[in-house]
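In: Kindly return the folded structure for what I paste below:
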Amino acid sequence: MKFIAIIPARYQSTRFSGKPLALLGGRPVIQRVYEQAVGVLGEAYVATDDERIRQAVEAFGGRAVMTRTDHQSGTDRIEEAAEIIGTDADVIINVQGDEPFIQPSQIETLCHLFDDPQTQIGTLGKRFETIEAAENPNSPKIVCDVNGFALYFSRSVIPFIRGAERERWLDSFPFLKHLGIYAYRRSVLAEITKLPQSPLERAESLEQLRWLQNGYRIRVGETSVETVGIDTPEDLGRAEAFLRASAQG
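Out: Coordinates of the predicted model:
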């Protein structure tokens, strides 16, 4: 089975314009993401709508694909890039362009989800360490069936633990944080990008609910590795500190 990574990267961002080109430890964020992905899979592309990002990627020896500016999601951008590339990959991995610390073990876990032919889409979850973190609506939660397929994603804390004090909830259930990395069978990617928005997606503003509501099966792999995503300039500062601590460790 063949896997490739496609990394969506826009220049414009409400909270951090130019984020892919911001320097982290002397290298652009997008370079660090690319190197992590290609190191595991051997083949990766950056899908962008900005010439500055394309030039930066090619300057460090990476591969970039220019895509339209009007995509509503990274998934849509990846589908266009896959069409342009003409890839023969069985599975395409969507590595977020703001995750410079994505780990080889996480990518490998995603790949192994497709050992099961029932897996159409794969993603990752990590157990919350505090109830306060689980209550953050910016950290979507996942509940799964007994076979590891997602039943639902929510910004709310799910499930509700009846008869237990809030402080004891993590002792009662393994609350799972959704990490925004996906993998799709090539044919499934082409299908889901043609779907209209669903009511659940609009309610929670979570794209993956569109796929679930249309009957697609999302397999969830679990990771214990914490990464540092970059959404704001403040996050970049935390990433620099994380990089220094990792080097010292």
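
In: On the pLDDT front, check residue 37 for me.
Out: Here the pLDDT value assigned to residue 37 is 96.

In: I'd assumed residue 44 was in contact with it.
Out: Yes. Applying C-beta atoms under 8 Å, one finds residue 37 in contact with residue 44, separated by 4.3 Å. Just so you know, the C-beta spots here come from the backbone N, C-alpha and C atoms, and that holds for glycine as well.

In: if I look at the two, which residues touch both of them?
Out: Jointly contacting residue 37 and residue 44 under the rule C-beta atoms under 8 Å, 6 or more residues apart in numbering are 5, 7, 95.

In: Look at the last one and say how many residues are nearby.
Out: Just to be clear, that refers to residue 95. 29 (other C-beta atoms under 10 Å).

In: these two touch, right, it and residue 33?
Out: Yes. Using C-beta under 8 Å, residue 95 is in contact with residue 33, at 6.1 Å.

In: what's the overlap in contacts for those two?
Out: 7, 102.

In: What residues sit buried inside stretch 206-215?
Out: Buried residues in stretch 206-215, defined by neighbour count with 16 or more other C-beta atoms under 10 Å: 206, 207, 208, 209, 210, 211, 212.

In: Phi, psi for the closest residue in space to the third one that isn't next to it in sequence please.
Out: Counting by C-beta to C-beta, 6 or more residues apart in numbering, the nearest residue to residue 208 once its immediate chain neighbours are dropped is residue 153, at 5.4 Å. Backbone torsions of residue 153, given as degrees, to the nearest 10, read phi -120, psi 140.

In: which residues sit in contact with residue 153?
Out: 140, 141, 142, 178, 204, 206, 208, 209, 212.

In: most distant residue from the middle of the chain?
Out: Taking C-alpha atoms, centre = their mean, the residue of the chain most remote from its mean C-alpha position is residue 163, at 34.4 Å.

In: does that one sit in a helix, a strand or a coil?
Out: Residue 163 carries the three-state label coil when classified by DSSP: H, G, I helix; E, B strand; the rest coil.

In: so what's the spatially most central residue of the chain up against?
Out: For the chain, the residue sitting closest to the mean C-alpha position, by C-alpha atoms, centre = their mean, is residue 181 at 2.1 Å. Residue 181 makes contact with 93, 94, 95, 96, 99, 102, 106, 107, 110, 123, 124, according to C-beta under 8 Å, 6+ apart.

In: can you confirm it is in a strand?
Out: Yes. The assignment for residue 181 by three-state DSSP puts it in a strand.

In: between residue 37 and residue 44, who's got more neighbours?
Out: With neighbours defined as other C-beta under 10 Å, residue 37 and residue 44 compare such that residue 37 has more, 26 against 22.

In: name the element the more buried one belongs to?
Out: helix 29-41 (DSSP states H and E).

In: same question, residue 209
Out: Counting by DSSP H and E, residue 209 is part of helix 208-213.

In: next SSE after the helix or strand residue 83 falls within?
Out: Under the criterion of DSSP H and E, residue 83 resides in helix 74-85. For helix 74-85, the following helix or strand on the C-terminal side (DSSP H and E) is strand 91-94.

In: now the angle between helix 29-41 and the helix or strand following that next one, please.
Out: Counting by DSSP H and E, the next helix or strand C-terminal to strand 91-94 is helix 104-112. If you take axes from the mean of the first three to the mean of the last three C-alpha atoms, to 10 degrees, helix 104-112 sits at 60 degrees to helix 29-41.
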